[in-house]
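# when you get a sec, could you give me coordinates for this:
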Amino acid sequence: MTAPYSGRCACGAVTLAISAEPMTTRQCWCRQCQKIAAGGPTHNAIFAAEAVAIEGTLASGGWQAASGNTLTFHFCPACGTQIYGQSSARPHLKTVRFGALDAGHGLEPEVVIWTDDAPAWAQIDPARESWPQQPPAQPPAQPSAAPSTPPSGT
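Residues are numbered from 1 along each chain as shown. Next up is the predicted model:
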């Protein structure tokens, strides 16, 4: 499937309408993601913030990442469904959880990150690009005729 994407929380109180393709998609094994994903990784699509329209009330929580950035996760306060995460270092991006997207979205992780934090039983696809921790941040794109590389995610 391609944009637009839609989504909702488990109870339907929060809905998403996304008007663009993700900049990248990731599977994250960091310890914080394992905590919010019941011990497994999170699966995320990183979009330009302005492409993500959200209706409904969200609650949020946060923590300081190993990078020193503050990571804030947003969820439905009624059912607890994770909707998206956002880094203080990249407020122009929203990291939308695959589980908040409607079925049939067709996205899959392109990159696996924080593999050093994965438990010994984790199954990490060797065909995917992987990083032991956070990949290095890309510099912000400058206006030019050449295509740009998307910045790092969370």
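# could you count how many residues lie near residue 31?
Neighbour count for residue 31, taken as other CB atoms under 10 Å: 12. Heads up, the C-betas are built off the backbone N, CA and C, glycines and all.
# what does the lowest-mean-pLDDT helix or strand in the chain contact?
Ranked by mean pLDDT, DSSP states H and E, the weakest helix or strand in the chain is helix 31-36, scoring a mean of 90. Contact with helix 31-36 is made by 40-42, 63, 65, 71, 73, 82, 114, 117, 119, as judged by CB atoms under 8 Å, 6 or more residues apart in numbering.
# just checking the distance from it to the centre of its chain.
The gap between the average C-alpha position of helix 31-36 and the chain average comes to 13 Å, counting by CA atoms, centre = their mean, to the nearest Å.
# how about that helix: buried residues?
32-34 (16 or more other CB atoms under 10 Å).
# same question for stretch 47-57.
Neighbour count says stretch 47-57 has 47-48, 51-52, 54, 56 buried, by 16+ other CB under 10 Å.
# please flag which of the residues you listed sit within helices.
Assignment to helices by DSSP state H places none of the buried residues of stretch 47-57 there.
# could you work out the most separated pair of these?
48 and 56 (20.6 Å; CB to CB).
# residue 111 versus residue 33, what's the distance?
Separation of residue 33 from residue 111 (CB to CB, to the nearest Å) stands at 14 Å.
# if you could redo that for residue 123, that was the one I meant.
For residue 123, the distance to residue 111 - CB to CB - is 16 Å.
# compare these two (neighbour count), which wins?
residue 111 (16 against 7).
# which strand residues bridge the more buried one?
Under DSSP bridges, the beta-bridge partners of residue 111 are residue 26, residue 129.
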